[in-house]
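# Generate coordinates for the sequence data below:
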Amino acid sequence: MVRLNLQVSDDLNRSLDRMAAESETTKADILRKAIILYEHARKGKAKGQELALVKQGKIETEFVGL
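Okay, the predicted model is just below:
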C-alpha cells in the first residue's frame, strides 16, 4: 500500500470530517471512494455517458465537467 500526503483547505477538511462522522468511517475512506467515483465518471464520459442523480426516473442533478 502507498501512503499519500496532501494539503486541503480548512473548508474541505471540515467537509471531510463531517462526511466521515456521518458515515462512521475515516477521511481516508471517503477519499478512496471519491477517487473510485471519479474514475467511473471519467470512464463513462469516454463512452459518451453522463453522470447524474436521478429520483423516480427524473434527473435532479447532472454533473458536468468531470
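# could you measure residue 37 against residue 10, distance?
In this view, residue 37 and residue 10 are 23 Å apart by Cβ to Cβ, to the nearest Å. No exception for glycine: its C-beta is placed from N, CA and C like everyone else's.
# ok, now residue 20?
Distance of residue 20 to residue 10, given as Cβ to Cβ: 16 Å.
# So for the two, which residue has more residues nearby?
The neighbour count for residue 20 versus residue 10, taken as other Cβ atoms under 10 Å, is higher for residue 20 (16 against 7).
# Spatially, and excluding backbone neighbours, which residue is closest to that one.
residue 27 (4.9 Å; Cβ to Cβ, 6 or more residues apart in numbering).
# What are the contacting residues of the helix ranked longest in the chain?
Taking DSSP state H as the criterion, the chain has its longest helix at helix 27-46. Here helix 27-46 makes contact (Cβ atoms under 8 Å, 6 or more residues apart in numbering) with 16, 17, 19, 20, 23, 50, 51, 63, 66.
# Beyond whichever strand or helix holds residue 52, next helix or strand please.
Here residue 52 sits within strand 51-55, counting by DSSP states H and E. Moving toward the C-terminus from strand 51-55, the next helix or strand (DSSP H and E) is strand 58-63.
# I'd like the distance from that following strand to the chain centre, please.
Put simply, strand 58-63 sits 16 Å off its chain's centre (Cα atoms, centre = their mean, to the nearest Å).
# How about stretch 7-16?
Using Cα atoms, centre = their mean, the offset of stretch 7-16 from its chain centre is 14 Å.
# The chain should start at 50 in everything you say after this.
Sure, I'll start counting at 50 from here, so that last one is stretch 56-65.
# tell me which residues of that stretch are tucked away?
Using 16 or more other Cβ atoms under 10 Å as the test for burial, stretch 56-65 gives residue 65.
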